[in-house]
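[1] Sequence plus the predicted model coming up.
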Amino acid sequence: MKKIIAIITVLIPFTLGLKAQDASFSQFYASPMFLNPALTGSTWCGRLTLNYRNQWPSISGNFVNYNAAFDQSLDRINSGYGMMFNSDNMGDGAMKTSTISGLYSYHLQVAREVYLSAGFQATYIQTKLDWNKLVFGDMIDPVSGTIGSNTLETPPANLSLGYVDFSAGAFLSFKGKFYGGFAAHHLTTPDNGFYNLTDNQLQMKLTVHGGANFIVGENAHNEPMVVSPNFLFQQQGEFHQLNMGCYVDYYPFVVGAWMRHNFENFDAAIVLVGFKHNNWKVGYSFDITMSDLSMASGGAHEISFAWEFCIERDKRRTIRTISSPAF
């Protein structure tokens, strides 16, 4: 049964003309530039982020995603720049997608307590297909369930695709307490099909996210205890999801809990525990599968790491850092 699920997982992109969805992190603020290009350079100094996600590890052919990014604020011109690398591995390497992105953002104070950031992202995407790792229906013996090596399916002429993609976003912060953003990825909906079909476009992904910070007390070291409710809504083609939940920041610890819903069913409950110290932080989250797939999937494990450091910093900086959750 697990193998059949893996087969279906691998074949779905082909049957839909490769209308696949982007990877999605449960700790969406732990990979800020992946969430929204406008969050590029949103810290005082430089920032290195690393993210790892293993989805449905109990199922053969599960999804594994890696993300690494660096961004730096440019104080003198109220800007930020960054580089980001991302890798998706699907079906035990049957399909691999790698991306490299350059990002730029501009930060503007539009009122006394209102700060706006706008960002732009240019990405090169490469997708590779290992045809020998695919299993099709005519390769499976209907009686014994054994898998043969012959199929009548015809491989595409090219097993590697490369193309350029563009994205943009905006982020607004009010009094360092309320914040929200909007991002549009794949603005040009580039062709990403291995076969010459009529509709092979990588569909645009729209993201809306927001939240607030409420100080509810202090710890023994006079650090504020912050409760931060948040939401994330994403839509890409016919796929859509809503994440709603809350962080509790009690330095040096952070805990969080969310629900993820795709409107057809309750997809998952997400729990997080994080630790922050000086200029670095690490977080772990687990997705508890609530859909019909249940915990037979193994849920999803996610680990994040971030380190902030200064390469260039101007004490005359006029634009504040953007207040948003750490994870």
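    Structure received.
[2] element containing the nearest residue to residue 115 once chain neighbours are set aside, please.
    Closest residue to residue 115 apart from its sequence neighbours, by C-beta to C-beta, 6 or more residues apart in numbering: residue 173 at 4.6 Å. Backbone N, C-alpha and C define where each C-beta goes, glycine included. In this structure, residue 173 sits in strand 160-174 according to DSSP states H and E.
[3] Is residue 158 in a helix, a strand, or coil?
    Put simply, residue 158 is coil when judged by DSSP: H, G, I helix; E, B strand; the rest coil.
[4] what are the bridge partners for the residue nearest to residue 115, then?
    Following DSSP bridges, residue 173 is listed with bridge partners residue 115, residue 179.
[5] For this structure, identify the residue most remote from the centre.
    Distance from the C-alpha centroid of the chain, by C-alpha atoms, centre = their mean, peaks at residue 143 (41.3 Å).
[6] mind checking how far that residue is from residue 152?
    Distance of residue 143 to residue 152, computed by C-beta to C-beta, to the nearest Å: 19 Å.
[7] Give the buried residues for the strand holding residue 173.
    The neighbour-count check on strand 160-174 (16 or more other C-beta atoms under 10 Å) flags 161, 165, 166, 167, 168, 169, 170, 171, 172, 173 as buried.
[8] Check the offset of that strand from the chain's centre.
    12 Å (C-alpha atoms, centre = their mean, to the nearest Å).
[9] all numbers from here: first residue = 49
    Renumbered: residue one is now 49, and that last one reads strand 208-222.
[10] helices or strands up against that strand?
    If you count contacts as 3 or more C-beta pairs under 8 Å, 6 or more residues apart in numbering; DSSP states H and E, strand 208-222 packs onto strand 162-177, strand 226-233.
[11] in the helix or strand that comes right after the last one, what counts as buried?
    Using DSSP H and E, the helix or strand that follows strand 226-233 towards the C-terminus is strand 253-260. Taking 16+ other C-beta under 10 Å as the neighbour-count basis, strand 253-260 is seen to contain the buried residues 253, 255, 257, 258, 259, 260.
[12] Do you know the pLDDT at the fourth one?
    Looking at residue 258, its pLDDT is 95.
[13] Surely it and residue 281 touch.
    No: in this structure residue 258 lies outside contact range of residue 281 using C-beta atoms under 8 Å: 9.3 Å.
[14] Could you list the low-pLDDT ranges of the stretch 149-298 of the chain?
    Residues of the stretch 149-298 of the chain meeting the criterion pLDDT under 70: 245-246.
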